[in-house]
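**Student:** only geometry, no sequence info:
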């Protein structure tokens, strides 16, 4: 895709609204229709154009197969924007910012990850967030129907240098009176039953399939958990950038 084509694709105000909405949460077409304020057939048309450009992908809901969740590919967006700038003039060539030490914040942000069993995805996400933020962000996890921590989740995280073997599973009621800056649901089922207690932000959603439900052999199961960990790692890094950009800036006095 050349730069002119990219600008034509995202230049429509409805498509920009869709991209902006998907930057923070995976969404169904009905939700996007409400956000955009247009008919569903028009929103579906714009989604097709964004998918054709490779900016947006889709995934069937694991809770209700009639629903589809749409996700923004932030990494591809960044790459295309950089290519477009360089195509206009070499002086505008944009390079990804080098990884720098995370600044200290006046208050450690708190993030809660929710899924059904609290046995894999939410535990992995919380561990990755604390690890990759250098513990600058506090992460917790819970489930609507907790069950034992999945051994394959423990194995895959251990291979990434993160030990979650001692983490207990918890019911989301445990945090009903706790304050969180960000609440993120990770499975389509729990999103439908997730309450919004006082002190919680409206949950964002990352639509991830349950790796425990994939594969009939140990090798297949391992690959499914690896895919989940890879996707969570990418999303967690994007969340860290978002949190540090919106949490009020670094605390230079600490």
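**Tutor:** Cool, got the structure. Just so you know, these numbers come straight off a predicted model, no measurement behind them.
**Student:** Residue 29 against residue 61, yeah?
**Tutor:** No. With contacts counted by C-beta atoms under 8 Å, residue 29 stays clear of residue 61, the gap being 11.3 Å. C-beta: built from backbone N, CA, C; applies to glycine.
**Student:** For residue 110, what are phi and psi?
**Tutor:** Main-chain dihedrals, residue 110, degrees, to the nearest 10: phi -120, psi 130.
**Student:** Return the residues in contact with it.
**Tutor:** 137, 138, 139, 140, 178, 179, 180, 181, 182 (C-beta atoms under 8 Å, 6 or more residues apart in numbering).
**Student:** and what of residue 193?
**Tutor:** residue 144.
**Student:** Next one, pLDDT for residue 4 please.
**Tutor:** Listed pLDDT for residue 4 reads 76.
**Student:** What helices and strands are in contact with whichever strand or helix holds it?
**Tutor:** Element membership of residue 4, judged by DSSP states H and E, is helix 3-11. Here helix 3-11 touches helix 13-22, helix 74-88, going by 3 or more C-beta pairs under 8 Å, 6 or more residues apart in numbering; DSSP states H and E.
**Student:** Worst mean pLDDT among those helices?
**Tutor:** The bottom spot among these, by mean pLDDT, belongs to helix 74-88, with a mean of 85.
**Student:** continuing past that one, what's the next helix or strand?
**Tutor:** Past helix 74-88, further along toward the C-terminus, the next helix or strand under DSSP H and E is strand 110-115.
**Student:** And the helix or strand following that following strand, what does it pack against?
**Tutor:** Where DSSP H and E defines the elements, the next helix or strand beyond strand 110-115 is helix 121-132. In terms of contacts (3+ C-beta pairs under 8 Å, 6+ apart), helix 121-132 is packed against strand 110-115, strand 138-143, helix 151-158, helix 218-246.
**Student:** between the third one and helix 218-246, how many degrees?
**Tutor:** Pointing back at helix 151-158 there. Going by axes from the mean of the first three to the mean of the last three C-alpha atoms, to 10 degrees, helix 151-158 is angled at 60 degrees with respect to helix 218-246.
**Student:** Touching helix 151-158 from outside, list them.
**Tutor:** By C-beta under 8 Å, 6+ apart, the list of residues contacting helix 151-158 reads 119-120, 123-124, 127-128, 163-165, 211-212, 221-222, 225-226, 228-229.
**Student:** picking up where we left off before, and of the contacts of residue 110, the nearest to residue 87?
**Tutor:** Lowest distance from residue 87 to those (C-beta to C-beta) belongs to residue 182, with 35.7 Å.
**Student:** quick revisit: spit out the residues that contact residue 29 and residue 61 alike.
**Tutor:** Common contacts of residue 29 and residue 61, defined by C-beta under 8 Å, 6+ apart, comprise residue 68.
**Student:** Please report the distance of the closest residue to residue 93 other than its chain neighbours from residue 80.
**Tutor:** Take residue 93 and drop its neighbours on the chain: the residue closest to it by C-beta to C-beta, 6 or more residues apart in numbering is residue 86, 4.1 Å away. Distance, residue 86 to residue 80, by C-beta to C-beta, to the nearest Å: 11 Å.
**Student:** So these two - more neighbours on which side?
**Tutor:** residue 80 (22 against 15; other C-beta atoms under 10 Å).
**Student:** Can you tell me, leaving aside adjacent residues, what's nearest to that one?
**Tutor:** Take residue 80 and drop its neighbours on the chain: the residue closest to it by C-beta to C-beta, 6+ apart is residue 6, 5.3 Å away.
**Student:** so who does that neighbour touch?
**Tutor:** Contacts of residue 6 by C-beta under 8 Å, 6+ apart are 53, 80, 81, 83, 84.
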